[in-house]
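Engineer: need a structure here:
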Amino acid sequence: MEVDLSADLQARLDAIADQRGCDPQALAREAIERLVNYDDWFIQEVEKGLAQIERGQVLTHEAVGARLEERLKKLPPL
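Structural biologist: Numbering: from 1, shown residues only. Now for the predicted structure:
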């Protein structure tokens with residue numbers, strides 16, 4: 001696979017890779033891996049949420065507000 005980058009993006013990638021002491025290809029692979037891992041995680045979390053909704057495991061607006069109030073009460077004052 002080849003990915004075409006604009007000259008500006010390539011220069012920025014090169015600069016970051018230089019700062020990190022690695023080659024630009026390794027940095028690009030790392031960035032792609034992070035994106036793919038994040039998207040996988042996000043999709044799984046959405047699917048979990050949709051399954052909860054289908055099972056009727058939902059909170060009302062009021063219940064969310066009550067939970068939030070309880071958590072805020074536990075925080076130290078500013």
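Engineer: OK, contacts around residue 23?
Structural biologist: Going by C-beta atoms under 8 Å, 6 or more residues apart in numbering, residue 23 touches residue 17. C-beta coordinates here come from the backbone N, C-alpha and C atoms, glycine included.
Engineer: quick one: the residue lying closest to residue 24 once chain neighbours are set aside and residue 7, what's the gap?
Structural biologist: Excluding its sequence neighbours, the residue lying closest to residue 24 (C-beta to C-beta, 6 or more residues apart in numbering) is residue 17, at 4.4 Å. Per C-beta to C-beta, to the nearest Å, residue 17 is found 16 Å from residue 7.
Engineer: Of these two, which one has the most company?
Structural biologist: residue 17 (17 against 7; other C-beta atoms under 10 Å).
Engineer: and that one, what element?
Structural biologist: helix 7-20 (DSSP states H and E).
Engineer: Report the separation between the most centrally placed residue in the chain and residue 31.
Structural biologist: Residue closest to the mean C-alpha point of the chain, counted by C-alpha atoms, centre = their mean, is residue 38 at 5.2 Å. Going from residue 38 to residue 31 by C-beta to C-beta gives 11 Å.
Engineer: ok, residue 9 - how many residues close by?
Structural biologist: Neighbourhood size, residue 9 [other C-beta under 10 Å]: 11.
Engineer: same check, this time on residue 42
Structural biologist: Residues near residue 42, counting by other C-beta under 10 Å: 10.
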